[in-house]
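Visitor: Here is my input; please provide its structure:
(one chain, ligands or ions: 1)
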Amino acid sequence: MERKGGNMIPSSPSHTPRSVEKSVRDIRHTEGNMSGKHDNREKGVNVQVVVRCRPMNSDEEKLHTPVVITCNENRREVCAIQTVANKQIDRSFVFDKVFGPKSQQRDLYHTAVSPIVFEVLEGYNCTIFAYGQTGTGKTYTMEGGGRKKNGEFPSDAGVIPRAVKQIFDILEAQSAEYSMKVTFLELYNEEITDLLAPEEASKFPEDKSKKPIALMEDGKGGVLVRGLEEELVSTADEIYRILEKGSAKRRTAETLMNKQSSRSHSIFSITIHIKERTPEGEEIIRCGKLNLVDLAGSENISRSGAKDGRAREAGEINKSLLTLGRVINTLVERSGHIPYRDSKLTRLLRDSLGGKTKTCIIATISPSIHSMEETLSTLDYAHRAKNIKNKPEINQKLMKSAMMKDLYSEIERLKQEVYAAREKNGIYIPKERYLLEEEEKKAMAEKIERMELDNESRGKQMMELQELYNSQLLITASLTEKLEKTEIKLQETEHSLSDLEEKHRQANVTIKEKEYLISNLLKSEKALLERAFDLRAELDNAASDVSSLFTKIERKDKIEDENRILVQQFQSHLTKELDTLHKTIAASVTQQEQQLKGMEEDMQSFVSTKAQATEELRAALEKLRTMYGSGIKALDDIADELDGNSQSTLGHLNSQVSKHSSALGEFFKGIASEAENLLKDLEDILYSQENKLTAYAQQQREAHSRAVETSRSISNTTMNFFDTLDMHATKLTNIVEEGQTVNNKKLCELERKFEECAANEEKQLLEKVAELLAVSNARKKELVKTAVDGLRESAASKANRFEQEMTTMKDSSSCIRDEWTSYSKKAESHYVEDTAAVECGKKDLDEVLQNCLKKAKMGSQQWSSAQESLLSLEKSNVASVEEIVRYKKFYSLLYGWQFKLSTYEWVETDQTGRTGQMYLMFPKVYINA
Ligand SMILES: Nc1ncnc2c1ncn2[C@@H]1O[C@H](COP(=O)(O)OP(=O)(O)OP(=O)(O)O)[C@@H](O)[C@H]1O
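Guide: Numbering: from 1, shown residues only. Here you go, the predicted model:
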């Protein structure tokens, strides 16, 4: 097979001005206008963003550095576990592809890069960026491990060698005619260096291995890298050689983070030209380009530890990266002007960011907690970049004949240049270098002129100085004399100097001591200041404590007010209750009085009835007496008559006597029944009186017991109320006491703390400071003390007032209680007395009644016995009269009848002590024998 790459005419559509001019000049036969691709061009294709997390390195593993990044390749998610203020905040990001720490170079390449390579071979321009913090594996991902000694393809080979190998493999498999060339440049401090340029003496002696390359606008919005070396490659091995060559030239600076960290951006470009044949048999060239960009570390420059000389370097790296960020932001936000021109990096990659190129960004991150900040910023950056839209277009295919024609004319032009140079028998110098040298020459001539003028003025100065020298010699002679004198003096002075030196040394020692003291003082001042701040914070705390105390006091006041209101309510309630009690008692007293009055009236009416009955009894007795008198008289008359007419009227007498005797018997019967009725009435009256009295006594007892019950219940309620009041008062006192103790404790604590602090500080400070501090402490102490005292006083006065109030309340309540107790005692004693008096009265009355009854019974018995005796007497009389009439007719004249009345006296004493008398007279009949 013919070595296709070698047969191809090298052409670079973008790296050299010539090739670009050519490509623009050519009439292009455009392919790839298929509808899908056309759509992509219209809508735009998002930049593909891939995240790769490196594994923990040996140092991190040794130190057991915590892992804060987790990668979920299936869900294409990266999760950052962040702890802010003891709270775990997880942030997750989703990307087009995610590769975890265990991912292999091969996996990443096949999943993310291989499809891009196919697109390159289709004729697209594609760019792969590696973006991330230093040491996260950008270079590892792009370049990978070194080539193995036996020439094998290593397993850790990166994207670049794999891409080249894949391209070769595909093209070989297609047996296509192609050529592949690579360029490798570095952007460092905004300067472009060709990493593939041959080693040659440069006009920059400080960096011989590199020559600066300019960026040029092509006038059509594109950028050209002028004079960039392009190397033709035909095997993967060649790629390694080129990479090694380029890497050796890359500038690396040792930072604190990664000893091999790259501080420059590198762009490795592969351009492929593939020869094709049209159906018409015409040869055309398909062109694709792959840019592989390894950006500089994205970390914060201050953290990387770069110093002094690297400041510019850092600035420039940042300039490129910052501009890249700004370009991405502007593209994402679609906010007007895109600042491509602000840095060389963005100028070079312009087409890859929002242009016709297909772009993929590989963001590399570290899983370590120490890189958390940078990792998050990388993830944010990459996530934002996902929204960039490019409008990829297939490069126009060149016709081989047109290309050949162009190349021939180019060769012709170059030939003419060489010829012209040869004709002049000299060395051909490019115009720019000539102009530069001319300028240098001019500058040199000006410099020489300036130096001549300078020389002249220096000669004049020399003359002046000679004169001055002569005069100075004279002066020196006089001065030598003086010197001698001075030397003597000097010796003296030396002595004193040594003294002084000694003193100086001592002074130095003193100064050192003082310096030490001053530094100590400064330290103490600083400590003091810190302490002052602490104190201020503590004072603030104390103030807040005091304010909380005030709030507590206010709360206490409020409670006191509420208590006062409660006491007032209680007072009014008590007054009301007392009023009601007073009224009840008054009502009961009036009721009792009324009952007593009623009783008195009843008694009076009873007494008057009794008096009346007695009167009636007396009148009846009087009547009886007169009746007896008249009866006796009539008997006397009869006896007289009998005496006178005994003889004549003996028979008549007999009948008359029997008549009289029956009349007398009836009369006695009537009197007896009357007396019996009278006595019965008396008895009834007395019984009814007794019943009434019993009922009244019962009523009185019930009323009294009711009154006593009411009084007792009121007393109990009042007692309970007093107990509740007492309990509340005790509770309140306890609360106040507790509050006071807490206040006292806090205040004591504050005082103690303050005194401790002050004592500690006093010890630490020097005398002067101690004095000042003492003064300020005293002032502060006084302030605090006055504040504390004031607080204490106010708290104590409030507590005193409260206690006073409580005592007054207690006093008044105990006074009321005493009064109440004495009143209830009095009422009870009155009740007892009244009950006793009533009982006594009732007893007396009972006794009187019993006496009355007894006497009435006795009266009635006597009356009935008198009646019986009278009747029996009457019968015996009748019998005797009959006897006399019958058997002793003669002797009757000799004997006379004699009646005598025996009197019964009944004395009674009533309640008032008055005595009344009742007389009952019974006739006694004696027969004078
Ligand atoms: N995925 C990975 N697997 C194994 N080792 C890795 C991986 N990624 C990075 N490393 C190792 O980490 C170290 C640093 O990687 P590398 O030099 O590629 O970082 P970098 O991002 O390119 O740094 P700089 O910005 O300084 O160029 C290297 O020793 C590399 O071998």
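Visitor: how about stretch 271-280: buried residues?
Guide: 271, 272, 273, 274, 275 (16 or more other C-beta atoms under 10 Å). To be clear about C-beta, it is placed using only N, CA and C from the backbone, and glycine gets the same treatment.
Visitor: Tell me, what's the model's pLDDT at whichever residue of the stretch 751-900 of the chain sits closest to the ligand?
Guide: Residue of the stretch 751-900 of the chain nearest the ligand, by C-beta to the nearest ligand atom: residue 764 (49.9 Å). pLDDT, residue 764: 74.
Visitor: In space, what's closest to it - neighbours in sequence excluded?
Guide: Nearest residue to residue 764, sequence neighbours excluded (C-beta to C-beta, 6 or more residues apart in numbering): residue 524, at 6.0 Å.
Visitor: Check residue 566 too.
Guide: Closest to residue 566 by C-beta to C-beta, 6+ apart is residue 728, at 7.4 Å.
Visitor: For the ligand, see how far away the one you found is.
Guide: Distance of residue 728 to the ligand, given as C-beta to the nearest ligand atom, to the nearest Å: 79 Å.
Visitor: Next: residue 704.
Guide: Taking C-beta to the nearest ligand atom, one finds residue 704 at 111 Å from the ligand.
Visitor: ranges for the helices of the stretch 1-150 of the chain?
Guide: Applying DSSP state H, counting those that start in this stretch to the stretch 1-150 of the chain gives helices spanning 4-7, 17-25, 35-43, 58-62, 105-108, 114-122, 138-142.
Visitor: Now the residue nearest to residue 566. Its backbone dihedrals?
Guide: Dihedral pair for residue 728: phi -60, psi -40, per degrees, to the nearest 10.
Visitor: pretty sure it is touching residue 563, no?
Guide: Yes - taking contacts as C-beta atoms under 8 Å, residue 728 lies within contact range of residue 563: 7.3 Å.
Visitor: I'd say residue 591 and residue 703 touch.
Guide: Yes - Residue 591 is within contact range of residue 703, at 6.3 Å (criterion: C-beta under 8 Å).
Visitor: Nearest to the ligand: which residue in the stretch 451-600 of the chain?
Guide: residue 526 (41.0 Å).
Visitor: That residue - how many residues pack around it?
Guide: Residues near residue 526, counting by other C-beta atoms under 10 Å, number 10.
Visitor: Ramachandran coordinates for it?
Guide: According to degrees, to the nearest 10, residue 526 has phi -60, psi -50.
Visitor: again, but for residue 190
Guide: Backbone torsions for residue 190, taken as degrees, to the nearest 10, come to phi 60, psi 20.
Visitor: just residue 335 next, same as before
Guide: Here residue 335 shows phi and psi, under degrees, to the nearest 10, equal to phi -110, psi 70.
Visitor: Kindly report the same for residue 154.
Guide: Residue 154 has phi and psi values of phi -70, psi 150 when expressed as degrees, to the nearest 10.
Visitor: Surely it and residue 144 touch.
Guide: Yes - between residue 154 and residue 144 a contact is recorded at 7.0 Å, counting by C-beta under 8 Å.
Visitor: Same drill for the two, tell me which one is more crowded.
Guide: Remark: of residue 154 and residue 144, residue 144 carries more neighbours, 22 against 14, as counted by other C-beta under 10 Å.
Visitor: Can you mark which positions in stretch 516-534 are buried?
Guide: Applying 16+ other C-beta under 10 Å to stretch 516-534 flags 521, 524, 528, 531 as buried.
Visitor: want to throw those into CSV with distance to residue 263, secondary structure and pLDDT?
Guide: Rendered in CSV, the data for the buried residues of stretch 516-534 read as follows (distance: C-beta to C-beta, whole Å; DSSP: H, G, I helix; E, B strand; the rest coil; pLDDT from 0 to 100):
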residue, distance to residue 263, secondary structure, pLDDT
521, 46, helix, 85
524, 46, helix, 84
528, 46, helix, 85
531, 47, helix, 83
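Visitor: Quick one: low-confidence residue ranges for the stretch 151-300 of the chain.
Guide: 151-152, 199-212, 218-221, 250-262, 300 (pLDDT under 70).
Visitor: Revised request: answer the last question for the stretch 401-550 of the chain.
Guide: Looking at the stretch 401-550 of the chain by pLDDT under 70, you get 417, 424-430, 432-433.
Visitor: all helices of it, in order?
Guide: 431-645.
Visitor: Equivalent analysis for the stretch 751-900 of the chain, please.
Guide: Using DSSP H, counting those that start in this stretch, helices in the stretch 751-900 of the chain cover 767-886.
Visitor: Residue numbers of it in contact with the ligand?
Guide: Residues of the stretch 751-900 of the chain lying near the ligand by C-beta under 6 Å from any ligand atom: none.
Visitor: thinking again about what came up before, looking at residue 728 and residue 563, which is more packed in?
Guide: Comparing residue 728 with residue 563 by neighbour count (other C-beta under 10 Å), the higher total belongs to residue 563, at 19 against 14.
Visitor: Spatially, and excluding backbone neighbours, which residue is closest to the more buried one.
Guide: Once flanking residues are discounted, residue 563 sits nearest to residue 732: 5.9 Å by C-beta to C-beta, 6+ apart.
Visitor: ok, the one you found - how many residues close by?
Guide: Using other C-beta under 10 Å, residue 732 has 20 other residues around it.
Visitor: let's number from 20 now, not from 1
Guide: Taking 20 as the first residue, the last one we looked at is residue 751.
Visitor: how much space between residue 91 and residue 390?
Guide: Per C-beta to C-beta, to the nearest Å, residue 91 is found 20 Å from residue 390.
Visitor: my read: residue 360 touches residue 367, true?
Guide: No - when contacts are counted by C-beta under 8 Å, residue 360 is not listed as touching residue 367 (11.3 Å).
Visitor: Compare those two (neighbour count), which wins?
Guide: Each of residue 360 and residue 367 has its neighbours counted (other C-beta under 10 Å); residue 367 has more, 22 against 13.
Visitor: where's the more buried one relative to the ligand, distance?
Guide: According to C-beta to the nearest ligand atom, residue 367 and the ligand sit 18 Å apart.
Visitor: quick one: contacts for the closest residue in space to residue 175 that isn't next to it in sequence?
Guide: Excluding the flanking residues, the one nearest residue 175 by C-beta to C-beta, 6+ apart is residue 164, at 3.7 Å. Listed by C-beta atoms under 8 Å, 6 or more residues apart in numbering, the contact set of residue 164 reads 173, 175, 176, 177.
Visitor: try it again with 10 Å
Guide: By C-beta atoms under 10 Å, 6 or more residues apart in numbering, the contact list for residue 164 reads 124, 173, 174, 175, 176, 177, 180.
Visitor: Buried ones among those residues?
Guide: With burial judged by 16+ other C-beta under 10 Å, the buried subset of those is 124, 176, 177, 180.
Visitor: Let me have those in TSV, extended by distance to residue 241 and secondary structure.
Guide: Listed next are these as TSV, based on distance: C-beta to C-beta, whole Å; DSSP: H, G, I helix; E, B strand; the rest coil:
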residue	distance to residue 241	secondary structure
124	33	helix
176	32	strand
177	29	coil
180	29	helix
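Visitor: ok so, going back, packing partners of the helix or strand harbouring the residue nearest to residue 582?
Guide: Here residue 751 sits within helix 669-783, counting by DSSP states H and E. On a contact count with 3 or more C-beta pairs under 10 Å, 6 or more residues apart in numbering; DSSP states H and E, helix 669-783 meets helix 450-664, helix 786-905.
Visitor: any idea which of those is most buried?
Guide: helix 786-905 (a mean of 14; mean count of other C-beta atoms under 10 Å).
Visitor: which helices and strands sit right next to that one?
Guide: Contact here means 3+ C-beta pairs under 10 Å, 6+ apart; on that basis helix 786-905 packs against helix 450-664, helix 669-783, strand 916-928, strand 934-946.
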